[in-house]
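Peer 1: Predicted model follows, preceded by the sequence.
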Amino acid sequence: MKRWLLDRRWNSRIRTHFEILYSSGREDGSGILANISYNGALLIQTSVQPRLGSQVRVFVLLREDSPFEVVGKVVRLVEDGFAIEYAGLGPEMRSLVDDAAAVVANPLHVPPRRKSQS
C-alpha cells in the first residue's frame, strides 16, 4: 500500500454508506454508517437516537453473512443521527477501517471474512 494513502486514511475520515443496526441496551435501531476513522464513526438516518454518553453496539453490514460489531460511546448528536467514539481501538477496528477504505476505493472489492470476537 502506498505510504501517502496509509497516512491520509490514518488522519481523516473515510466516507462510507454501509447499512448498520445498533443497540443502546434500551433501544435498537438502524441507519447508515456515513463515515469512519480509527477513532470513531458518524451514523446517520438513524431510526432511534440514543442518549449522549450512552454506550452502543453497532453492527456494520459489510457482508450479509457476517456483520462486524463495534462498541462505542455516543459523543455527539446531530439532526439525523449521532457520532460515536470507539471504546477501544483494537486490530478488529483497524481491519474495519481498512475494509471500508478498500470498498470505497474499489466498490467491487469484497472484504475477507473475519472471525467474530464474541
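Peer 2: Great, that's in hand.

Peer 1: what's the host helix or strand of residue 102 packed up against?
Peer 2: Using DSSP states H and E, residue 102 sits within helix 91-105. Helices and strands touching helix 91-105, by 3 or more C-beta pairs under 8 Å, 6 or more residues apart in numbering; DSSP states H and E, are helix 3-11, strand 14-23, strand 28-36, strand 68-78. For every residue, glycine as well, the C-beta is placed using N, CA and C.

Peer 1: again, 7 Å this time
Peer 2: Applying 3 or more C-beta pairs under 7 Å, 6 or more residues apart in numbering; DSSP states H and E, one finds that helix 91-105 contacts strand 14-23, strand 68-78.

Peer 1: now this structure, which segments are flagged as low pLDDT?
Peer 2: Where the chain drops to pLDDT under 70, the residues are 1-11, 89, 93, 104-118.

Peer 1: rerun at 50
Peer 2: Scanning the chain for pLDDT under 50 picks out the ranges 1-11, 116-118.

Peer 1: quick one on the thing from earlier: convert the C-alpha atoms of the helix holding residue 102 to CSV, please.
Peer 2: This file holds the C-alpha atoms of helix 91-105, laid out as CSV (Å, rounded to 0.1, in the frame of the first residue of the first chain):
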residue,chain,number,x,y,z
PRO,A,91,-6.9,-4.8,15.4
GLU,A,92,-10.6,-5.5,14.6
MET,A,93,-11.3,-1.8,14.3
ARG,A,94,-8.3,-1.2,12.2
SER,A,95,-9.4,-4.0,9.9
LEU,A,96,-12.9,-2.5,9.6
VAL,A,97,-11.5,0.9,8.6
ASP,A,98,-9.1,-0.8,6.1
ASP,A,99,-12.0,-2.8,4.7
ALA,A,100,-14.2,0.3,4.4
ALA,A,101,-11.4,2.2,2.7
ALA,A,102,-10.9,-0.7,0.2
VAL,A,103,-14.6,-0.9,-0.6
VAL,A,104,-14.9,2.9,-1.1
ALA,A,105,-11.8,2.9,-3.3
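
Peer 1: by how many degrees do that helix and strand 28-36 diverge?
Peer 2: Interaxial angle, helix 91-105 versus strand 28-36 (axes from the mean of the first three to the mean of the last three C-alpha atoms, to 10 degrees): 70 degrees.
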